[in-house]
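Q: heads up, no residue letters with this:
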């Protein structure tokens, strides 16, 4: 019997094709990025000058909370799952994902979850206003918008767990003959490890928000001190999810950097095996450092010392990865096409975020940095500088392969430079604001903070404005730019052996130049 090939709306509603589902994930992710980005502009517009001028303080707090939830759960995570859907079957020689119908389902949960989160802002009492960490008692108060948010988190968690099961099943069961684990591309490795992190950490978050829900409506007192509960318990449970979550956002980005850099350096990835073990080590350590977010809650000294040293330890495998990327570029025949610019820019900005993270890991210093703009700057250097830069790099890298059309190189580079300048202009001054003592999540501030805040706001508008170049370039490429040339296919594919296989014995040997 001939296979049905539905067209139009049916094609997208019922598709089990990994490429279609990957495309839907990416479209959803970048739609949410626009929404979350516009929320960040509300925040920065309010902070352009001291005083309250644009929004009410309560609405300001809703913006900071929902901006973070949208960007983390609506943009970065779904975008990387979209890349995984597109690339993993092709990279391991599989015909599709292992569980195609579940793949479809795990995507279609997302638009409903995103809609629920947006609706929370229009409920009586407004949306969640307790920061993205939704700490009690702030999250125990508030209207029905908070309940919508809790339901949203549950739905997003279900989607992530289903997607992770699918990715693990595909990688472990559907590799082509001869594709051993230690011959897999680094992007595949990074996603295999990330999927295990998701399955281990998301149920913990589900537990935390369920306890929150019962505190709100069913008379329990898990986090209510008046009823014998402990608000710090929520912080422990939340951050046991929250810290692995940071690596869930960053490890796939590491995989992307490990694909792009060898291609444009025209050299094998330096230290393939050490990259695999470093990724696994980071994932393991991410589960034993959670309380470095909680130095100020009154932990015993022994606990603070343990979390300080274990947090510092994460810098070792991370340093191995940065060293290997630099070694891959060393004496390579490097060219600086748009994907390579994003990869180098991403490694640079992520490293700044890593160094400020090392500063935050030091317990007595963190007492000063905690809940200031220094933490905001650190987090954005890691997540935008690492994850979002990798996403842009990956799309420019693989778009010719996906569409058969070449993007506009000049506009691609313009997008990179405007984003890079705008991003650093936004977040670098925030280090100084934090060191000077400006607390985060406030709509007003003292006069002495106004200079850096002005620069920060100008940078934010430049950064968001630059993204319209990206949307234009991507749209034009998909609609049919010039045909992708043989060089593009060989550049991305002909050298993929250098990424997929362990490096040769003499790792500084330059691979043949691709013509």
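A: Structure's in. What do you need? Because the structure is a prediction, the values reported are computed rather than measured.
Q: ok, now how distant is the spatially closest residue to residue 296 that is not a sequence neighbour from residue 208?
A: Using Cβ to Cβ, 6 or more residues apart in numbering and skipping the chain neighbours, the partner closest in space to residue 296 is residue 370 (5.2 Å). Using the backbone N, CA and C atoms, a C-beta is placed for each residue, glycine as well. The gap separating residue 370 from residue 208 is 21 Å, by Cβ to Cβ, to the nearest Å.
Q: ok, these two, which is more surrounded?
A: residue 208 (26 against 17; other Cβ atoms under 10 Å).
Q: residues contacting the nearest residue to residue 198 once chain neighbours are set aside?
A: Nearest residue to residue 198 in three dimensions, chain neighbours excluded: residue 164, at 4.3 Å (Cβ to Cβ, 6+ apart). Contact partners of residue 164, counting by Cβ atoms under 8 Å, 6 or more residues apart in numbering, are 194-196, 198-199.
Q: from those residues, which would you call buried?
A: Among the contacts of residue 164, those scoring as buried are 194-196, 198 (criterion: 16 or more other Cβ atoms under 10 Å).
Q: for the helix or strand that contains residue 12, buried residues please.
A: Using DSSP states H and E, residue 12 maps to helix 8-14. For helix 8-14, a neighbour-count test (16+ other Cβ under 10 Å) marks residue 12 as buried.
Q: which outside residues touch that helix?
A: 5-6, 20, 24, 104, 108.
Q: most neighbours of all those, which one?
A: residue 24 (21 neighbours).
Q: how many residues are close by the closest residue in space to that one that isn't next to it in sequence?
A: The shortest distance from residue 24 to any non-neighbouring residue, by Cβ to Cβ, 6+ apart, is to residue 107 (5.4 Å). Using other Cβ under 10 Å as the criterion, residue 107 is surrounded by 24 other residues.
Q: got any ranges where the stretch 401-515 of the chain has weak pLDDT?
A: 486-515 (pLDDT under 70).
Q: need the helices for it, in chain order.
A: For the stretch 401-515 of the chain, the helices defined by DSSP state H, counting those that start in this stretch occupy 409-435, 450-480, 486-489, 496-500.
Q: likewise for the stretch 151-300 of the chain?
A: 186-217, 231-265, 272-285.
Q: which of the residues in the first one are buried?
A: Of all the residues in helix 186-217, those buried under the rule 16+ other Cβ under 10 Å are 186-198, 200-202, 204-206, 208-209, 211-213, 215-216.
Q: likewise for the longest one?
A: Buried positions in helix 231-265, judged by neighbour count with 16+ other Cβ under 10 Å: 231-232, 234-265.
Q: go on, the shortest one?
A: Neighbour-count burial for helix 272-285, with 16+ other Cβ under 10 Å as criterion, is recorded at 272, 275-276, 278-283, 285.
Q: which of those lies closest to residue 341?
A: Nearest to residue 341, judged by Cβ to Cβ, of the buried residues of helix 272-285 is residue 275 at 21.7 Å.
Q: do you know the pLDDT at that closest one?
A: If you check residue 275, the pLDDT there is 97.
Q: what does residue 260 give?
A: 96.
Q: likewise the one 5 residues further on?
A: Predicted confidence (pLDDT) for residue 265: 94.
Q: how far away is it from residue 343?
A: 10 Å.
Q: now stretch 413-433: buried residues?
A: Buried positions in stretch 413-433, judged by neighbour count with 16+ other Cβ under 10 Å: 414-416, 418-420, 422-433.
Q: sorry, back to before: where does the residue nearest to residue 296 fall, phi/psi-wise?
A: The phi and psi values for residue 370, taken as degrees, to the nearest 10, are phi -60, psi 130.
Q: isn't it up against residue 295?
A: Yes. Counting by Cβ atoms under 8 Å, residue 370 touches residue 295, with 6.7 Å between them.
Q: what sits against the most centrally placed residue in the chain?
A: When Cα atoms, centre = their mean is applied to the chain, the residue found nearest the centroid is residue 249 (3.4 Å). With contacts defined as Cβ under 8 Å, 6+ apart, residue 249 is in contact with 72, 76-77, 80, 383, 386-387.
Q: mean confidence for stretch 95-103?
A: 96.
Q: for that stretch, measure first residue to last.
A: Its first and final residues considered, stretch 95-103 spans 14 Å by Cα to Cα, to the nearest Å.
Q: list the buried residues for it?
A: Those would be 96-100, 102-103, for stretch 95-103 by 16+ other Cβ under 10 Å.
Q: restricted to helices, list the residues you listed.
A: Among the buried residues of stretch 95-103, the members falling in helices (DSSP state H) are 100, 102-103.
Q: nearest residue to residue 444 other than its sequence neighbours?
A: Going by Cβ to Cβ, 6+ apart, residue 444 has residue 52 as its nearest residue, at 5.7 Å.
Q: dump the residue contacts of residue 157.
A: 202-203, 205-206.
Q: which single one of those is nearest to residue 360?
A: Distances from residue 360 to these, taken by Cβ to Cβ, are shortest for residue 205, at 21.9 Å.
Q: these two touch, right, the closest one and residue 239?
A: No. Counting by Cβ under 8 Å, residue 205 stays clear of residue 239, with 10.1 Å between them.
Q: so who does the residue nearest to residue 258 when sequence neighbours are not counted touch?
A: Excluding the flanking residues, the one nearest residue 258 by Cβ to Cβ, 6+ apart is residue 186, at 3.5 Å. Contacts for residue 186 were tallied using Cβ under 8 Å, 6+ apart; they are 254-255, 258-259, 269, 272, 275-276, 279, 499.
Q: same thing but 7 Å
A: 255, 258-259, 269, 275, 499 (Cβ atoms under 7 Å, 6 or more residues apart in numbering).
Q: now it: how far from residue 442?
A: Residue 186 is 41 Å from residue 442, by Cβ to Cβ.
Q: now do residue 380
A: Plainly put, residue 380 is 17 Å away from residue 442 if you go by Cβ to Cβ.
Q: can you tell me which helix or strand of the chain has the lowest average pLDDT?
A: Within the chain, confidence by mean pLDDT, DSSP states H and E is lowest for helix 496-500 among all helices and strands, at a mean of 39.
Q: now do the same for the residue lying closest to residue 137 once chain neighbours are set aside: its pLDDT.
A: Among residues not flanking residue 137 along the chain, residue 231 sits closest, at 6.4 Å (Cβ to Cβ, 6+ apart). Confidence at residue 231, expressed as pLDDT, is 95.
Q: these two touch, right, residue 231 and residue 133?
A: No. Assessed by Cβ atoms under 7 Å, residue 231 is found out of contact with residue 133, at 11.6 Å.
Q: quick one: which two of the contacts of residue 157 are the most distant?
A: Pairwise across those, and taking Cβ to Cβ, the largest span is found between 203 and 205, at 7.3 Å.
Q: local confidence estimate at the residue nearest to the centre of the chain?
A: 97.
Q: check residue 181 too.
A: Reported pLDDT for residue 181: 96.
Q: residues near it, how many?
A: 12.
Q: ok, residue 134 next?
A: 23.
Q: name the element the closest residue to it other than its chain neighbours belongs to?
A: Distances taken as Cβ to Cβ, 6+ apart put residue 128 closest to residue 134, at 6.1 Å, once the chain neighbours are dropped. Using DSSP H and E, residue 128 sits in no helix or strand.
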